[in-house]
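Peer 1: here is a sequence together with a model predicted from it:
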Amino acid sequence: MNKLLTIENLSKTYNGKKVLDVDHFDLPAGAIYGLIGPNGAGKSTLMKAILGLIEPEVGDMVLFGEKVTPKNQKILNRKLGALIERPAYYDHLTGHENLSILCTLKGIDKKHILPALEAVGLETKANEKVRTYSLGMKQRLGIAMAIIGEPKLLILDEPINGLDPVGTLDMRHLFLQLAEEKNTTILISSHILDEVEKIATHIAMLQQGHLVYDGTLENYRRLHPPILSIRTSDNEKAAEVLSSQRCRIRGDRLILNHPSDREVAKAVRALSPHVDIYRIEEERESLEALFIQDTQKEGRSID
Ligand SMILES: Nc1ncnc2c1ncn2[C@@H]1O[C@H](COP(=O)(O)OP(=O)(O)OP(=O)(O)O)[C@@H](O)[C@H]1O
């Protein structure tokens, strides 16, 4: 995969405290990269550093094949779309007028306004003033501002904040469609890990400013083998029988954490004389469950 963005040795310190310390980070073209991490882990700081909105102390960045310098950052930024924290709009103007100003600033043809509004489902509200928009509509406008002109790279900080379930679903389809049909590369941060899991090809997990995982979602899953759930005629009794194995009761199931084949065979042999075994199933834990396990292992966030 081509690299759209490469970062080396990027760090940022606030009030004497290093809040970001990334040795190396690549963004392969066509990837949807989920940037995850607890509050205060440095996600927004990383995105702002990429966009030149804050000045890192050290670090090299290559964006679209060009080394980023204070001189060319603005020009390079025109080739990408971003939504950082809250969308920046003029609320006394309409959605259409806001996009029109953005087109002028970024040198984008105004023919892109309607498709951007349609993509986020705001076309019928295009001529209403933004101050009359609901929170979710403002968020949709922010996403329209990021995707207008079909940028090759989208940087989205918590883009689904404030969206209702239908809005969340619409945006999921939009991001997947942009990646599949337009080959748009997306760096997206979110605390809604179920959503990240549904769209991401890769994840980068930040903890206390460090990348503690960076790679494909598939590989992340591979590093966390499935759990085994067993339903028996008497789970309490089964848990007693298996007390020497790492097991717990969850709902109507007995859960064995990542057992080896030998451990499964041993468990079945041990259980058979005491209880009836109705079901044995392998279960993949959600990204959210794995994230909680991993971040608790690593310790709390900086804040
Ligand atoms: N302008 C600033 N001045 C001082 N400290 C800051 C500033 N901006 C961010 N920080 C600190 O840097 C750290 C990283 O913040 P950042 O906003 O990047 O985290 P985050 O991972 O995006 O968190 P969240 O999930 O809560 O949005 C935090 O400890 C935060 O308090």
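Peer 2: Perfect, thanks for sending it. None of the values given here were measured: they were computed from a predicted structure. Numbers count the residues shown, from 1 in each chain.
Peer 1: ok, then the element right after the helix or strand hosting Lys18?
Peer 2: Assessed by DSSP states H and E, Lys18 sits inside strand 17-28. Moving toward the C-terminus from strand 17-28, the next helix or strand (DSSP H and E) is strand 32-36.
Peer 1: next, see if that following strand gets close to the ligand.
Peer 2: No - judged by CB under 6 Å from any ligand atom, strand 32-36 stays clear of the ligand, getting no closer than 8.4 Å. C-beta coordinates here come from the backbone N, C-alpha and C atoms, glycine included.
Peer 1: contacts for the next helix or strand after that strand?
Peer 2: For strand 32-36, the following helix or strand on the C-terminal side (DSSP H and E) is helix 43-51. Contacts with helix 43-51, where a contact means CB atoms under 8 Å, 6 or more residues apart in numbering, come from 5, 7, 10, 12, 19-20, 22, 25, 35-37, 54, 56, 59, 61, 63, 77, 80, 82, 84-85, 155, 157, 187, 189, 206, 209.
Peer 1: angle of helix 43-51 against strand 17-28?
Peer 2: 60 degrees (axes from the mean of the first three to the mean of the last three CA atoms, to 10 degrees).
Peer 1: same question for helix 43-51, mean pLDDT?
Peer 2: For helix 43-51, mean pLDDT rounds to 94.
Peer 1: hmm, who's touching stretch 83-99?
Peer 2: With contacts defined as CB under 8 Å, 6+ apart, stretch 83-99 is touched by 44, 47-48, 51, 53, 101, 113, 116-117, 122, 125-131, 133, 138-139, 141-146, 148, 155-159.
Peer 1: Leu174 in helix, strand or coil?
Peer 2: Following DSSP: H, G, I helix; E, B strand; the rest coil, Leu174 is assigned to helix.
Peer 1: how near is it to the ligand?
Peer 2: The gap separating Leu174 from the ligand is 22 Å, by CB to the nearest ligand atom, to the nearest Å.
Peer 1: what's near enough to touch the nearest residue to that residue once chain neighbours are set aside?
Peer 2: With CB to CB, 6 or more residues apart in numbering as the criterion, Leu174 has its nearest non-adjacent residue at 5.7 Å, and that residue is Ala119. Going by CB under 8 Å, 6+ apart, Ala119 touches Ala144, Ile147, Leu174.
Peer 1: any idea whether His274 is helix, strand or coil?
Peer 2: coil.
Peer 1: which residues does it contact?
Peer 2: Asp234, Lys237, Ala238, Val241.
Peer 1: which ones among those residues lie within strands?
Peer 2: Among the contacts of His274, DSSP state E puts none in strands.
Peer 1: tell me the one of those residues nearest Gly251?
Peer 2: Proximity of the contacts of His274 to Gly251 (CB to CB) peaks at Ala238, which lies at 13.8 Å.
Peer 1: which non-adjacent residue is nearest that closest one?
Peer 2: Closest to Ala238 by CB to CB, 6+ apart is Thr232, at 4.5 Å.
Peer 1: from what I can see the one you found touches Ser272, true?
Peer 2: No - using CB atoms under 8 Å, Thr232 is not in contact with Ser272; the gap is 10.1 Å.
Peer 1: more crowded one of those two?
Peer 2: Using other CB atoms under 10 Å, the more surrounded residue of Thr232 and Ser272 is Thr232, with 21 against 11.
Peer 1: against Ile280, how distant is that one?
Peer 2: In this view, Thr232 and Ile280 are 9 Å apart by CB to CB, to the nearest Å.
Peer 1: kindly report the same for Arg231.
Peer 2: In terms of CB to CB, Arg231 sits 8 Å off from Ile280.
Peer 1: again with Ala116
Peer 2: Taking CB to CB, one finds Ala116 at 50 Å from Ile280.
Peer 1: flag every buried residue along stretch 103-118.
Peer 2: Cys103, Lys106, Ile108, His112, Ile113, Ala116, Leu117 (16 or more other CB atoms under 10 Å).
Peer 1: next, the last one: secondary structure please.
Peer 2: Classification of Leu117 into helix, strand or coil gives helix, according to three-state DSSP.
Peer 1: give me every residue that touches the residue nearest the centre of the chain.
Peer 2: Residue closest to the mean C-alpha point of the chain, counted by CA atoms, centre = their mean, is Gly34 at 2.8 Å. Neighbouring residues of Gly34 by CB under 8 Å, 6+ apart: Ile188, Ser189, Ser190, Val196, Glu197, Ile199, Ala200, His202, Ile203, Ala204, Leu217.
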